[in-house]
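Q: Fold the stuff below for me.
(2 chains)
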Amino acid sequence: MNKTDQQLAQQAKDAFDRSVDGLDAATLSRLNRARQAALAELEHPNRQWQRWMPATGVAAAVVLVMITFGGPGENNVISAPATDLDILLSEESIEMIEDLEFYSWLDTQEFEGNGDLG
Amino acid sequence: MTEDISVFAVSCTAKPTGGRTLQKERQLGEFLAEVERRALRIAEIGVRDRDEALDLVQDAMIKLTRNYASHDREEWTPLFYRILQNGIRDWHRRQAVRNRVMVWFQKAKPADNDCDVIAAAPDPAGRSPDEQLENAEAMQDMELAVHELPSRQREAFMLRTFEGLNVAGTAVAMGCSEGTVKTHYSRAVHTLRDKLGEHWQ
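A: Residues are numbered from 1 along each chain as shown, chains lettered A, B, ... in the order given. Below you'll find the model as predicted:
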């Protein structure tokens, strides 16, 4: 690297350092908060798995619903497209679909209840 | 008395983990405080948005703490910048996808180049408005020129020049060989010299 390039790099560094020194108080405060949040990770290293709990709960509920309603048999609402259309077009069936959410929730509650007992 | 001392010594050495964690926390806190402002400006030049840059720096801090706190202090700087540069690259990828999708839903907004964060900042050095303006314009020119470099050249230039990493440290931070760092850095300097012209020489 020749002298001109070195000068350019030095000038760029000086300008950069001035901009770093000129950071406002609000930004410095936000950086401080970010640092404290990062350091809190060190104090609670096992908290990472807890972030997956909601996703795991939802996945468990979906699996439960699929097991309950997705198996072969007379009440198989998933694998019957013609029946799906009837369900979607008739008022009564819409209510039943809404009930599916309720049953899903109910299953989750039962699942969690069993977990507590176990 | 001797027994007391030995009991005290045992009680002190019985829980080495707690003391070590505190020491590590202090070291890490010092490291992050030392690096955070430059990291923010480097990220800001990379993404041209202070809020996004703050998020990227915080993510990098958390990932470093979570995954590399046990490493030696000397390893933290290149590791931290590697995480940050990966974050910036991911941000650009997401932005590119978002732009492709959004172009179907709305007209492109005109580029907002009026935001002058340097001019808005208070001047702790007490320089005159003219000097501040001159510095801000110089920084803005340089910032834009650095931002417009190809991403790998930009990374090499910022890590070598702004953060002061050596070639080996920059190679770790960029995840490439030292030869590649030298090539990218040299090309970056030449491009900047051509773009910035006589004002910067």
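Q: can we go C-alpha only for contacts and neighbour counts from here?
A: OK.
Q: which bits of chain A sit near chain B?
A: A:1, A:4-5, A:7-13, A:15-17, A:19-24, A:28, A:30-32, A:34-35, A:37-39, A:41-42, A:45 (CA under 8 Å from any CA of the partner chain).
Q: Is stretch B:138-156 positioned near chain A?
A: Yes - Stretch B:138-156 reaches chain A (CA under 8 Å from any CA) through B:138, B:139, B:142.
Q: now the residues you listed as CSV including neighbour count and secondary structure?
A: Output for these, formatted as CSV (neighbours: other CA atoms under 10 Å in any protein chain shown; DSSP: H, G, I helix; E, B strand; the rest coil):
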residue, neighbour count, secondary structure
B:138, 17, helix
B:139, 21, helix
B:142, 21, helix
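Q: May I have the residues that are in contact with residue B:44?
A: Going by CA atoms under 8 Å, 6 or more residues apart in numbering or on different chains, residue B:44 touches B:50, B:52, B:53.
Q: what do you get for residue B:53?
A: Counting by CA under 8 Å, 6+ apart, residue B:53 has contacts B:40, B:41, B:43, B:44, B:47.
Q: 7 Å instead?
A: B:40, B:43, B:44, B:47 (CA atoms under 7 Å, 6 or more residues apart in numbering or on different chains).
Q: In what element of secondary structure is the first one found?
A: Going back to what we said before, that points to residue B:40. helix B:16-47 (DSSP states H and E).
Q: next one: that helix to chain centre, how far?
A: How far helix B:16-47 lies from its chain's middle: 12 Å, per CA atoms, centre = their mean, to the nearest Å.
Q: tell me the domain ranges of chain B?
A: B:15-109, B:112-201 (automatic domain parsing).
Q: Put the buried members of the residues of chain A next to chain B into a ChimeraX selection.
A: Applied in ChimeraX, the following selects the buried portion of these according to 16 or more other CA atoms under 10 Å in any protein chain shown:
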select /A:5,8,9,11,12,13,15,16,17,19,20,21,22,23,24,31,32,34,35,37,38,39,41,42
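Q: Next up, the contacts around the residue of chain A at minimum distance from chain B.
A: Of all residues in chain A, residue A:38 sits closest to chain B, at 4.4 Å by CA to the nearest CA. Residues near residue A:38 by CA under 7 Å, 6+ apart: B:61, B:62, B:65.
Q: how about 10 Å then?
A: A:32, B:28-29, B:32, B:58-66 (CA atoms under 10 Å, 6 or more residues apart in numbering or on different chains).
Q: May I have the host helix or strand of it exported as PDB, CA atoms only?
A: Using DSSP H and E, residue A:38 sits in helix A:25-43. The C-alpha trace of helix A:25-43 is given here as PDB (Å, rounded to 0.1, in the frame of the first residue of the first chain):
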ATOM      1  CA  ALA A  25     -26.800  10.300  24.700                       C
ATOM      2  CA  ALA A  26     -29.900   8.500  23.600                       C
ATOM      3  CA  THR A  27     -27.900   6.100  21.400                       C
ATOM      4  CA  LEU A  28     -25.300   5.500  24.100                       C
ATOM      5  CA  SER A  29     -28.100   4.700  26.500                       C
ATOM      6  CA  ARG A  30     -29.600   2.200  24.100                       C
ATOM      7  CA  LEU A  31     -26.200   0.600  23.700                       C
ATOM      8  CA  ASN A  32     -25.900   0.300  27.400                       C
ATOM      9  CA  ARG A  33     -29.200  -1.400  27.700                       C
ATOM     10  CA  ALA A  34     -28.200  -3.800  24.900                       C
ATOM     11  CA  ARG A  35     -25.100  -4.700  26.800                       C
ATOM     12  CA  GLN A  36     -26.900  -5.300  30.000                       C
ATOM     13  CA  ALA A  37     -29.400  -7.600  28.100                       C
ATOM     14  CA  ALA A  38     -26.500  -9.500  26.700                       C
ATOM     15  CA  LEU A  39     -24.800  -9.900  30.100                       C
ATOM     16  CA  ALA A  40     -28.100 -11.100  31.600                       C
ATOM     17  CA  GLU A  41     -27.700 -14.100  29.200                       C
ATOM     18  CA  LEU A  42     -24.500 -15.000  31.200                       C
ATOM     19  CA  GLU A  43     -26.500 -15.100  34.500                       C
END
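Q: per-residue confidence at residue 74?
A: Answering for chain A, as no chain was given. Turning to residue A:74, the model gives it a pLDDT of 52.
Q: hmm, I had chain B in mind actually
A: pLDDT for residue B:74: 89.
Q: Near it, how many other residues are there?
A: 10 (other CA atoms under 10 Å in any protein chain shown).
Q: Contacts only, for it.
A: For residue B:74, the contacting residues are B:31, B:169, by CA under 10 Å, 6+ apart.
Q: could you give the angle of whatever helix or strand it lives in to helix B:16-47?
A: Assigned by DSSP H and E, residue B:74 belongs to helix B:73-102. Counting by axes from the mean of the first three to the mean of the last three CA atoms, to 10 degrees, helix B:73-102 lies at 40 degrees to helix B:16-47.
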